[in-house]
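show me the folded form of this:
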Amino acid sequence: MKKQKYSIAITFIWVGFIGAISFMEAWLKFRAPGIDTALGLGIGQLVFSALNRVEITSAVLILILSIASKEKKALRLQGLFYTAVVILVLQSVWLLPALDTRADLIRAGVSLAKSKLHLWYVLVEIIKITCLILFGFRSFKHLNTNK
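Okay, here's the model as predicted:
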């Protein structure tokens, strides 16, 4: 029971990080005085790299707590969590490295054609945060019905 509470807390901390970074910091930094594209991209790379590490840590902790818990969650709860993890893996091995490469090229002065990578990132980020929110709330409900 206690492990589930930690898992729920970690889930909502993870959601908070995504909300604060992906849906707030990412676009606000470019509105700050004195921030040009190169500087904004450099800050973005640093912040999203840190966010990725926090997300991986959160996913691993939830997975460990889930394995250690004697309580087995409903399949739909596991599906929501694993969907978020698959998206995190996709972002970690494909989207973030591709966006980093583009940012490095732009900062080096290379003119690039428009890309849909940011659109893909936002789309999967919305799906991931939705899965995590549903996972967190349904886990909380599951926890309260099993008392």
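
switch to C-alpha atoms for all contacts and neighbour counts from now on
Will do.

point out where the chain drops to low pLDDT.
Applying pLDDT under 70 to the chain picks out residues 1, 72-76, 146-147.

so where do the strands sit in it?
With strands called from DSSP state E, the chain shows none.

against which helices or strands is the longest helix anywhere in it packed?
Taking DSSP state H as the criterion, the chain has its longest helix at helix 37-68. Packing partners of helix 37-68 (3 or more C-alpha pairs under 8 Å, 6 or more residues apart in numbering; DSSP states H and E): helix 2-20, helix 75-90, helix 96-107.

flag every buried residue along it.
With burial defined by 16 or more other C-alpha atoms under 10 Å, the residues of helix 37-68 counted as buried are 38, 40-41, 43-45, 48-49, 51-52, 54-56, 58-59, 61-63, 65-66.

which residues does the closest residue to residue 65 other than its chain neighbours contact?
Nearest non-adjacent residue to residue 65, counting by C-alpha to C-alpha, 6 or more residues apart in numbering: residue 3, 5.8 Å away. Contact analysis of residue 3 by C-alpha atoms under 8 Å, 6 or more residues apart in numbering lists 65, 66, 68, 69.

what's near enough to touch the spatially closest residue to residue 136 that is not a sequence neighbour?
Nearest non-adjacent residue to residue 136, counting by C-alpha to C-alpha, 6+ apart: residue 8, 5.4 Å away. Counting by C-alpha under 8 Å, 6+ apart, residue 8 makes contact with 136, 139, 140.

try it again with 10 Å
Listed by C-alpha atoms under 10 Å, 6 or more residues apart in numbering, the contact set of residue 8 reads 2, 14, 62, 132, 133, 135, 136, 137, 138, 139, 140, 143.

repeat for residue 94
Residue 94 touches 88, 117, counting by C-alpha under 10 Å, 6+ apart.

how close does it sit to residue 58?
Computed as C-alpha to C-alpha, to the nearest Å, the residue 94 to residue 58 distance reads 20 Å.
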